[in-house]
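*Asks:* Whatever this is, show me its structure:
(chains A and B)
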There are 2 protein chains.
Amino acid sequence: MFKVRVYVNYKASILDPQAAVIEGAIKRLGENGVSDIRVGKVFDFVIKADSKQDAEAKVDKISDNLLANPNMESYDFTVTEVN
Amino acid sequence: MFKVRVYVNYKASILDPQAAVIEGAIKRLGENGVSDIRVGKVFDFVIKADSKQDAEAKVDKISDNLLANPNMESYDFTVTEVN
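*Replies:* Below is the predicted model of the structure:
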């Protein structure tokens, strides 16, 4: 059994208006030292697999075919064995 | 300067219909060994602060007052010094 965390973010080339809105809201909170905001999604799940490589291959397939929009988003993930 | 990653997830008590939809879609992809899906948001940004403790205090304030909905969501974060 493997514990998985998949991060999905907009590609750097994609303008993220949500991030600009959040930056403004943070400034109104009185925190002016914040920059380079990026907003993404995180998917946590558990997956059965024969090996860590097998788990990584499954997660890559799930991310590429479902969790991330290949046109606008990129993804990376961590896979950790759990007993 | 500190690099920050804030994770925001639904509290365990909150039913997340999106997770159930994703689990069904993953099964239709032919991957039946997936369970315990949770979907959250991740906020990456850089923050100026005098110390790591100072950065953590600022991030806690930003998360609690803005990034997470205290009624339904919980948050945690990592703060890493960058030169």
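*Asks:* make it CA atoms for all contacts and neighbour counts henceforth
*Replies:* Fine.
*Asks:* Just to confirm, which residue in chain A is farthest away from the center?
*Replies:* Farthest-out residue of chain A from its mean C-alpha position, per CA atoms, centre = their mean: A:Gly30, at 27.9 Å.
*Asks:* Please report the distance of that residue from A:Lys61.
*Replies:* Here the distance between A:Gly30 and A:Lys61 works out to 43 Å (CA to CA, to the nearest Å).
*Asks:* With A:Phe45 instead?
*Replies:* 14 Å.
*Asks:* Contact distance from chain B - what residues of chain A qualify?
*Replies:* Counting by CA under 8 Å from any CA of the partner chain, the residues of chain A lying close to chain B are A:7, A:25-26, A:29, A:31, A:33-49, A:58, A:62, A:66.
*Asks:* Among the residues you listed, name the ones in strands.
*Replies:* When DSSP state E defines the strands, the subset of these inside them is A:7, A:34-47.
*Asks:* Can you give me the end-to-end span of stretch A:1-18?
*Replies:* For stretch A:1-18, the end-to-end distance is 36 Å (CA to CA).
*Asks:* Just the buried ones from the residues of chain A next to chain B, in PyMOL syntax?
*Replies:* Written as a PyMOL command, the selection of buried residues from those, which uses 16 or more other CA atoms under 10 Å in any protein chain shown, is:
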select buried, chain A and resi 7+26+31+34+35+37+38+39+40+41+42+43+44+45+46+47+48+49+58+62
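*Asks:* and the least confident helix or strand in chain A by mean pLDDT with strand A:34-47, angle?
*Replies:* Between all helices and strands in chain A, the lowest mean by mean pLDDT, DSSP states H and E belongs to helix A:17-28, at a mean of 93. Relative orientation of helix A:17-28 and strand A:34-47, computed by axes from the mean of the first three to the mean of the last three CA atoms, to 10 degrees: 120 degrees.
*Asks:* roughly how far is helix A:17-28 from the heart of the chain?
*Replies:* Averaging C-alpha coordinates over helix A:17-28 and over its chain gives two centres that are 20 Å apart (CA atoms, centre = their mean, to the nearest Å).
*Asks:* State the distance from A:Ala20 to chain B.
*Replies:* Note on A:Ala20: its distance to chain B, by CA to the nearest CA, to the nearest Å, is 12 Å.
*Asks:* just A:Lys52 next, same as before
*Replies:* Between A:Lys52 and chain B the distance, using CA to the nearest CA, works out to 14 Å.
*Asks:* burial count for that residue?
*Replies:* Other residues lying near A:Lys52 total 15 when counted by other CA atoms under 10 Å in any protein chain shown.
*Asks:* Repeat that for A:Lys61.
*Replies:* Burial measure for A:Lys61: 15 neighbouring residues, criterion other CA under 10 Å.
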